[in-house]
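Participant: give the three-dimensional model of this entry:
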Amino acid sequence: MAYTASKGLDLDWCIGCDKGLVQPDAVFFMNASPDTLSARGGYGEERYEKLDFQKKVYEQFLKISEHEKAWKSIEAGEKTIDELEAEIQGIVKGLREEEV
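Facilitator: Numbering: from 1, shown residues only. Down below sits the predicted model:
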């Protein structure tokens, strides 16, 4: 959705393509700005790793995360893998407790 909308298609139309499909219990959005990510080693080696385009994609992800109930936004720019894992596990534990 985010990549397609970043290429110029309407975001609502992109989201609409998933209407009627089984919805996930959770989607973890690792929220880190393109500027932060571009400073990491190896950035720019992938086809879509162009900073201008990634900024457009990032904006679309932010919009989607605001509207989608299942999306859990996690500030990931400066956290270690262990910190991210602990936060995700905490969210999953909370979701499982809600089911009971």
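Participant: from now on I want contacts and neighbour counts done on CA atoms only, so please keep to that.
Facilitator: Noted.
Participant: just to check, Tyr48 is in contact with Gln54?
Facilitator: Yes: with contact defined as CA atoms under 8 Å, Tyr48 reaches Gln54; the gap is 7.2 Å.
Participant: so the two - more neighbours on which side?
Facilitator: Taking neighbours as other CA atoms under 10 Å, Tyr48 and Gln54 compare with Gln54 leading, 19 against 12.
Participant: using the three-state scheme, assign Asp25.
Facilitator: Judged by DSSP: H, G, I helix; E, B strand; the rest coil, the three-state class of Asp25 is coil.
Participant: show the contacting residues for it.
Facilitator: Counting by CA atoms under 8 Å, 6 or more residues apart in numbering, Asp25 touches Ala70.
Participant: over to the one 4 residues further on?
Facilitator: For Phe29, the contact set (CA under 8 Å, 6+ apart) comprises 65, 71-74.
Participant: what does Ser6 give?
Facilitator: Ser6 makes contacts with 53, 56-57, 60, as judged by CA under 8 Å, 6+ apart.
Participant: what is the least confident helix or strand in this structure?
Facilitator: helix 34-38 (a mean of 87; mean pLDDT, DSSP states H and E).
Participant: what's the offset of it from the middle of its chain?
Facilitator: Centroid separation for helix 34-38 versus its chain: 14 Å, with CA atoms, centre = their mean, to the nearest Å.
Participant: for that helix, name the packing helices and strands.
Facilitator: helix 51-67 (3 or more CA pairs under 8 Å, 6 or more residues apart in numbering; DSSP states H and E).
Participant: contacts for the helix it packs on?
Facilitator: Contact with helix 51-67 is made by 2-3, 5-6, 11, 29, 33-35, 38, 48, 71-73, as judged by CA under 8 Å, 6+ apart.
Participant: which strand residues bridge the spatially most central residue of the chain?
Facilitator: Centroid-nearest residue in the chain: Phe29, 3.2 Å away (criterion: CA atoms, centre = their mean). Beta bridges link Phe29 to Ser73, judged by DSSP bridges.
Participant: residues near Thr36, how many?
Facilitator: Per other CA under 10 Å, the neighbour tally for Thr36 reads 11.
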